[in-house]
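# Quick one, fold the following:
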Amino acid sequence: MESLIMRNPPSTIPRGTRAAFSLVELLVVMVIISLLLVFGTAGFSSIFRASRLSSSGQLVQSEIMAARQQAVTFSREVEVRFFQTGSGTNRVWNGVQGFSVDGAGNWAALRRAVLLPDGVVMDEVHSTLLASAPVSGTTNFGSHGSQAYRGFRFRPGGNTQMALTTNNNPLILRGTGTGNPSSLPANFFAFVVTPINGKTLTFQP
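Below is the predicted model:
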């Protein structure tokens, strides 16, 4: 007697084909990919900003160290000048250059003018080295022409001029558009120039 139960019913799916994703499944996958892109982009952007800030800090530190070395090597006074560029309300402190004095009292640039990368500036609000700078004036800053500057002076022994004290020597670098300008952002780069020997200390949270 033949069994009335069909143990292996014939498949209704044609051979050589696979079940397709449903619209809901496709939408879920697209949402997951979008979220990954958003969080991934934000993470990479934060890393890029921190890296650019670090490289800017190293750039300024290199200029300060070179100026001090010139003062010690040639036994002459050398100024580190921080420059403001731009126009109108868009003027920012973003340039640095060393100047040395000759026997006749004339000041000349030591090296080429250095401009910080886009997106990084010197924080005038929190940088007492800018707010209470021992030296200031206006002079040519590379291709930017005549620009205002503030700075300090290394003496022949490598120490700084007496006007630079432990109260007015911090310099802060920050990214543009990083929160309220009246308060420090989460990420910044700080310099402290030690008056007694001219060495620089750095800090980045």
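# separation between the spatially most central residue of the chain and R91?
Compute the mean C-alpha point of the chain, and by C-alpha atoms, centre = their mean the closest residue is L53, 2.1 Å away. In this view, L53 and R91 are 20 Å apart by C-beta to C-beta, to the nearest Å. C-beta coordinates here come from the backbone N, C-alpha and C atoms, glycine included.
# same check, this time on A148
8 Å.
# Between the two, which contacts overlap?
Residues touching both A148 and R91 by C-beta atoms under 8 Å, 6 or more residues apart in numbering: Q84.
# Of the two, which one has the most company?
A148 (16 against 12; other C-beta atoms under 10 Å).
# tally of neighbours for K199?
K199: 14 neighbours (other C-beta under 10 Å).
# returning to that earlier point: relative to N159, how far out is the residue nearest to the centre of the chain?
29 Å.
# now do F74
15 Å.
# same deal with R111?
Taking C-beta to C-beta, one finds R111 at 22 Å from N159.
# So for these two, which sits in the more crowded spot?
The neighbour count for R111 versus N159, taken as other C-beta under 10 Å, is higher for N159 (18 against 13).
# Setting the sequence-adjacent residues aside, check what's closest to the more buried one.
G198 (5.3 Å; C-beta to C-beta, 6 or more residues apart in numbering).
# likewise L115?
Per C-beta to C-beta, 6+ apart, closest to L115 is G95, 5.2 Å.
# so how far is the helix or strand that contains the one you found from its chain's centroid?
Using DSSP states H and E, G95 sits in strand 92-101. Centre-to-centre, strand 92-101 and its host chain are 17 Å apart (C-alpha atoms, centre = their mean, to the nearest Å).
# ditto for stretch 172-189
That offset, for stretch 172-189, works out to 10 Å (C-alpha atoms, centre = their mean).
# Give the buried residues for it.
I172, L173, R174, G175, T178, L184, P185, F188, F189 (16 or more other C-beta atoms under 10 Å).
# In contact with the second one, which residues are there?
Contacts were defined as C-beta under 8 Å, 6+ apart; by that measure L173 touches 53, 56-57, 60, 116, 120-123, 188-191.
# mean confidence for stretch 29-42?
Summarised as a single mean, pLDDT over stretch 29-42 is 68.
# now do stretch 107-115
93.
# As CSV, could you dump the C-alpha coordinates of that stretch?
Coordinates of each C-alpha in stretch 107-115 appear next as CSV, following Å, rounded to 0.1, in the frame of the first residue of the first chain:
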residue,chain,number,x,y,z
TRP,A,107,67.1,93.4,13.0
ALA,A,108,67.0,90.8,10.3
ALA,A,109,65.0,87.6,9.8
LEU,A,110,66.8,84.4,10.7
ARG,A,111,64.7,82.0,8.6
ARG,A,112,61.7,82.1,6.4
ALA,A,113,58.3,83.2,7.8
VAL,A,114,56.3,80.2,9.2
LEU,A,115,52.5,80.2,9.0
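# contacts for it?
Here stretch 107-115 has contacts from 59-60, 63, 66-67, 70, 78-79, 83, 85, 94-102, 139, 141-144, using C-beta under 8 Å, 6+ apart.
# can you tell me which helix in this structure is longest?
Criterion DSSP state H: the longest helix present in the chain is helix 23-74.
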